[in-house]
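Undergrad: quick one: sequence plus predicted model below, questions after.
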Amino acid sequence: MDRSAIEIARKIKENLEKKGIKIEKIILFGSRAKENYKKESDYDFIIVSKDFKDIPIFRRMEMVLDIKEDIDVICLTPEEFEREKNFLGSIVSYALKEGIEIKL
């Protein structure tokens, strides 16, 4: 796995912790996880936290995107994650199949 992906995941974690959000799971997926990326490819992450409950989906993304990295994120509660992983063809099921969970 690309070392900078781990550094970005750490940055995301630190940024969210400052806002009272504790990450339970972070998954890198897409071209960076499959290591078939181009120089200009972004980093795709799924972030799971129970602290996202009652926070609108777009607000969750804003909380992460202020780290000023070239990333796309999907921020889910554990319940949303569990529900989505069972839908064939969902981004979550794809990320679980093709992605890499980053342990921080």
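TA: Now that the structure is in, tell me what you want to look at. Numbering: from 1, shown residues only.

Undergrad: list the contacts of K50.
TA: Contacts for K50 (CB atoms under 8 Å, 6 or more residues apart in numbering) come out as 22, 24, 77-78. C-beta here means a position set from N, CA and C on the backbone, and glycine is covered the same way.

Undergrad: D66 too?
TA: D66 touches N15, counting by CB under 8 Å, 6+ apart.

Undergrad: same check, this time on the one 4 residues further on
TA: Residues near D70 by CB under 8 Å, 6+ apart: 42-43.

Undergrad: quickly note the distance from it to R10.
TA: 16 Å (CB to CB, to the nearest Å).

Undergrad: ok, D44 next?
TA: Applying CB to CB, the value for D44 to R10 is 16 Å.

Undergrad: neighbour-wise, which of the two wins?
TA: Neighbours per residue, other CB atoms under 10 Å: of D44 and R10, the larger number sits with D44, 20 against 13.

Undergrad: residues contacting the helix or strand hosting the more buried one, please?
TA: D44 is part of strand 43-48 when elements are defined by DSSP states H and E. Strand 43-48 is contacted from outside by 4-5, 8-9, 12, 16, 23-33, 64, 69-78, 81, 91-92, 95, 99, using CB under 8 Å, 6+ apart.

Undergrad: mind running it again at 6 Å?
TA: Here strand 43-48 makes contact (CB atoms under 6 Å, 6 or more residues apart in numbering) with 5, 8, 23-30, 32, 71-76, 78, 81, 95.

Undergrad: show me those that map onto helices.
TA: Residues of the contacts of strand 43-48 located in helices (DSSP state H): 5, 8, 32, 78, 81, 95.

Undergrad: tell me where this protein is predicted with low confidence.
TA: 1 (pLDDT under 70).

Undergrad: how much space separates the residue lying closest to F87 once chain neighbours are set aside from I21?
TA: Nearest residue to F87, sequence neighbours excluded (CB to CB, 6 or more residues apart in numbering): S93, at 6.1 Å. Per CB to CB, S93 is found 24 Å from I21.

Undergrad: more neighbours: the two, which one.
TA: Comparing S93 with I21 by neighbour count (other CB under 10 Å), the higher total belongs to I21, at 21 against 14.
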